[in-house]
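Chemist: Here's a sequence, model it:
(4 chains)
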There are 2 protein chains.
Amino acid sequence: MTYSIAQAAERSGLSIDTLRYYERIGLVDPPARDSGGRRSYSDEDLSWLEFLTKLRTTGMPIRLMREYAQLRHKGLATAGRRKQLLYDHRTDVRQRIAELQACLAILDYKITNYADIEAKMAGESLVQEVSA
Amino acid sequence: MTYSIAQAAERSGLSIDTLRYYERIGLVDPPARDSGGRRSYSDEDLSWLEFLTKLRTTGMPIRLMREYAQLRHKGLATAGRRKQLLYDHRTDVRQRIAELQACLAILDYKITNYADIEAKMAGESLVQEVSA
DNA sequence: GCTTGACCTGGAGCGCACTCCAGCTTCTAC
DNA sequence: GTAGAAGCTGGAGTGCGCTCCAGGTCAAGC
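Modeler: The predicted model follows:
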């Protein structure tokens, strides 16, 4: 299967401009071209894009994604370094999750507080109503 | 207790420039000034900064932090809207955590794959050694 | 009273990750 | 054979969240 840039954009969730941008900066290999010179993405291209979006979602800077992409081109010999890159990144992601969860607890606390305030205010207006 | 801007920066984890920037854009109230016209942060100021950094850590855009800050000034009457803001934000944060966890699973998978490759390569070089 | 260092202001600059644009080509459908 | 949609390129522009700078003030220690 091959895909036009519009289809690749839809499937990857990236914009057409972003796809071309990623190609320009060396994050993705230039895809095949059709007879009219238009980009024609393969399933393999899409898999790589999908993985890239995971890295992006987890906040990997483009600089590192590019490094990973370049290592891929050098074949099996670089597997160790690629693994290390992902390993380090995983550590970051875990830390980020922990951080978010800690903040979540604070949000919970604040929200509960506001709920209490609302309950109290509702109670008071009830008292007003009853005493009126 | 009062704190110089350098102390406030250290305690909040923000830079001095960021503290002044937050003040400029209305995220924090202008703190008191000492006799020489220098900023003098109170414990209350620091608490607010601490909370702001939680919102920032969880990715709340400055626009919304500012909205929250402005609501605070209007007193209890805005408690409901502030709660709603935090509530919506909590939903975002939870979703973000779920997203990160899904990506984490993929990273785990990839890393395991690389470990397998390494094990296989090590095995092969062992075979080479033995057969040499 | 002079140096040093922290702090002040207004405004410019920066890095990141896109996003948009002008002007052109190419395919498709009528 | 022509209109319209989709795609092409190189390059400029954008939004966010800071970060840095020049030129000045102020207080403390020597």
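Chemist: So is the longest strand anywhere in chain A next to DNA strand C?
Modeler: As assigned by DSSP state E, the longest strand anywhere in chain A is strand A:39-42. No - using Cβ under 7 Å from any atom of the strand, strand A:39-42 stays clear of DNA strand C, coming no nearer than 11.4 Å. To be clear about C-beta, it is placed using only N, CA and C from the backbone, and glycine gets the same treatment.
Chemist: Show me what that strand is packed against.
Modeler: In terms of contacts (3 or more Cβ pairs under 8 Å, 6 or more residues apart in numbering or on different chains; DSSP states H and E), strand A:39-42 is packed against strand A:2-3, helix A:5-12, strand A:32-33.
Chemist: Among the ones you listed, which comes closest to A:Gly80?
Modeler: Comparing the helices and strands packed on strand A:39-42 by their distance to A:Gly80 (Cβ to Cβ), the top pick is helix A:5-12, with 28.4 Å.
Chemist: What mean pLDDT does that closest one get?
Modeler: For helix A:5-12, mean pLDDT rounds to 97.
Chemist: in the helix or strand just after that helix, what's buried?
Modeler: Note on helix A:5-12: by DSSP states H and E, the next helix or strand toward the C-terminus is helix A:16-24. Residues of helix A:16-24 classed as buried: A:Thr18, A:Leu19, A:Tyr22 (neighbour count, 16 or more other Cβ atoms under 10 Å in any protein chain shown).
Chemist: Residue ranges in chain A under the pLDDT threshold?
Modeler: Across chain A, residues meeting the criterion (pLDDT under 70) sit at A:131-132.
Chemist: let's see 50
Modeler: For chain A, no stretch is flagged by pLDDT under 50.
Chemist: Could you tell me which residues of it lie near DNA strand D?
Modeler: Checking chain A against DNA strand D by Cβ under 7 Å from any atom of the strand, the hits are A:Ser4, A:Ile5, A:Ala6, A:Gln7, A:Ile16, A:Arg20, A:Arg33, A:Gly37, A:Arg38, A:Arg39.
Chemist: For A:Met121, give its distance to B:Gln95.
Modeler: 30 Å (Cβ to Cβ, to the nearest Å).
Chemist: Of those two, which one has the most company?
Modeler: A:Met121 (14 against 10; other Cβ atoms under 10 Å in any protein chain shown).
Chemist: and the more buried one, what is it in contact with?
Modeler: A:Met121 makes contact with B:Leu76, B:Ala79, according to Cβ atoms under 8 Å, 6 or more residues apart in numbering or on different chains.
Chemist: Same check on the one 5 residues further on?
Modeler: A:Leu126 makes no contacts at all, as judged by Cβ under 8 Å, 6+ apart.
Chemist: got TSV for the helices and strands packed on strand A:39-42, with mean neighbour count too?
Modeler: Listed next are the helices and strands packed on strand A:39-42 as TSV, based on neighbours: other Cβ atoms under 10 Å in any protein chain shown:
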stretch	mean neighbour count
strand A:2-3	17
helix A:5-12	17
strand A:32-33	11
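Chemist: Let's check: the centremost residue of chain A is which one?
Modeler: The C-alpha lying nearest the average C-alpha coordinate of chain A belongs to A:Thr57 (Cα atoms, centre = their mean; 1.2 Å).
Chemist: Run a quick neighbour tally on the nearest residue to it once chain neighbours are set aside.
Modeler: Once flanking residues are discounted, A:Thr57 sits nearest to B:Cys103: 5.5 Å by Cβ to Cβ, 6 or more residues apart in numbering or on different chains. As a burial measure, B:Cys103 scores 23 neighbours (other Cβ under 10 Å).
Chemist: again with the one 5 residues further on
Modeler: The tally of other residues near B:Asp108 (other Cβ under 10 Å) stands at 12.
Chemist: cool, and A:Pro30?
Modeler: For A:Pro30, the tally of surrounding residues (other Cβ under 10 Å) stands at 10.
Chemist: Pretty sure it sits against A:Arg24.
Modeler: No - taking contacts as Cβ atoms under 8 Å, A:Pro30 lies outside contact range of A:Arg24: 9.5 Å.
Chemist: Residue ranges of each domain in chain A, please.
Modeler: Using automatic domain parsing, the domain ranges for chain A come out as A:1-60, A:74-132.
Chemist: Next, the angle from the helix or strand harbouring A:Cys103 to helix B:79-131.
Modeler: Here A:Cys103, judged by DSSP H and E, is contained in helix A:79-131. Here helix A:79-131 points in a direction 160 degrees away from that of helix B:79-131 (axes from the mean of the first three to the mean of the last three Cα atoms, to 10 degrees).
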